[in-house]
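Engineer: 3D model of this:
(chains A and B)
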Amino acid sequence: MMQKEESMIKMTELLRYIYFALPIHRAQMEAIIEETEQNNLLLGQNFSTLIDEIEESVHKSNTIKDRLLASDLSDEHFDEIKLMLNQLVDNTNSVQSSVSEIMVSLQYQDATKQMLTHIQNNLTDMGEEIQSLERSEVDLNDPIKTLLINKIGLHYTMTKERDIFKAVTGFDASQCASDKDDEITFF
Amino acid sequence: MRQVVGIAMKNAGYEVETANDGQDGVSKLGERFSAIITDLNMPNMNGIEFIKAIKQNPNNKFTPIIMLTTESSDEMKKQGQQAGAKVWMVKPFKPAQLLGVLQKLLG
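Structural biologist: Predicted coordinates:
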């Protein structure tokens, strides 16, 4: 009897610890989201400025080429300068394309934010579950699979999240969910 | 994100108007657009509400809408379709993909 009481006390302490730890983790995640969002925005702005400057360089090079075409330089000099300018245009176009690719890869922040938000929401749910458990409102006989799927799995909207859920629990997060992230759906 | 989309569209020769969120987007519906690209998760007004607002706007009632989002669940897609989205595109996207979709929509 003493042993059962002691283990109940330990369980209550554990639940209290989890209950108070959850908001800390939520706040840490919020800080991660904010920090990555700010940095992502800043990077995006920097790259955007860079692209504008490159575009201006291309425009200037083309203007110089046009003026050269209208000038009376010797054929030899003209061809040499024209070749150099064409190379400059090619180089700047290539740099612009690379910078655009970098900007596309910055989309990682969207996915990171989405995943962290889902974890945050789940931590909030867990806190509420613990509160109701203390008030004995939760059916402790509820099978863990149903509980995990209903409380966590069904909130996932990204394939990556559902894959991680399945790898850890062995359960399908949502039967009605799509299985491809890279798809384009025409309605 | 809208910078990436904006640059991709501008580089392809399209004239681009951007909005900070759904509410800002609604304030720009006085103009008639050839196509509208929106995210789902936005502050102030989400993508579904924004699409519903577009569909009530006389200038853009028939403007094709592309939903560009990280969300890929069938439930969300259904909501998007019911609201009036023409295409659901899951991020991360490649500019060429988006341009292909846009060209298909605009014929």
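Engineer: which secondary element of chain A has the worst mean pLDDT?
Structural biologist: Sorted by mean pLDDT, DSSP states H and E, the helices and strands of chain A end with helix A:144-151, the least confident at a mean of 75.
Engineer: show residues contacting it.
Structural biologist: A:122, A:125-126, A:129, A:169, A:171-174 (C-beta atoms under 8 Å, 6 or more residues apart in numbering or on different chains). Backbone N, C-alpha and C define where each C-beta goes, glycine included.
Engineer: among these, which ones are in helices?
Structural biologist: The helices, defined by DSSP state H, take in A:122, A:125-126, A:129, A:169 from those.
Engineer: what's the local residue count around residue 22?
Structural biologist: With no chain named, the answer covers chain A. Around residue A:22 there are 19 other residues, counting by other C-beta atoms under 10 Å in any protein chain shown.
Engineer: I was thinking of chain B, sorry if that wasn't clear
Structural biologist: Neighbour tally, residue B:22, other C-beta under 10 Å: 24.
Engineer: can you pull the contacts of it?
Structural biologist: B:38, B:42, B:44-47, B:49-50, B:53.
Engineer: against residue A:117, how distant is the closest residue in space to it that isn't next to it in sequence?
Structural biologist: Once flanking residues are discounted, residue B:22 sits nearest to residue B:45: 2.8 Å by C-beta to C-beta, 6 or more residues apart in numbering or on different chains. Going from residue B:45 to residue A:117 by C-beta to C-beta, to the nearest Å gives 18 Å.
Engineer: again, but for residue B:79
Structural biologist: When residue B:79 is compared with residue A:117 (using C-beta to C-beta), they lie 18 Å apart.
Engineer: just the CA trace of the helix ranked longest in chain B, in CSV.
Structural biologist: Longest helix of chain B, by residue count under DSSP H: helix B:95-106. Output of helix B:95-106 as CSV, limited to C-alpha atoms (Å, rounded to 0.1, in the frame of the first residue of the first chain):
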residue,chain,number,x,y,z
PRO,B,95,10.2,28.7,-60.1
ALA,B,96,10.0,26.7,-63.4
GLN,B,97,7.3,24.6,-61.9
LEU,B,98,5.3,27.6,-60.8
LEU,B,99,5.8,29.3,-64.2
GLY,B,100,4.6,26.1,-65.9
VAL,B,101,1.4,26.0,-63.8
LEU,B,102,0.8,29.7,-64.5
GLN,B,103,1.2,29.3,-68.2
LYS,B,104,-1.2,26.4,-68.2
LEU,B,105,-3.8,28.5,-66.3
LEU,B,106,-3.4,31.5,-68.5
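Engineer: alright, I will stop here.
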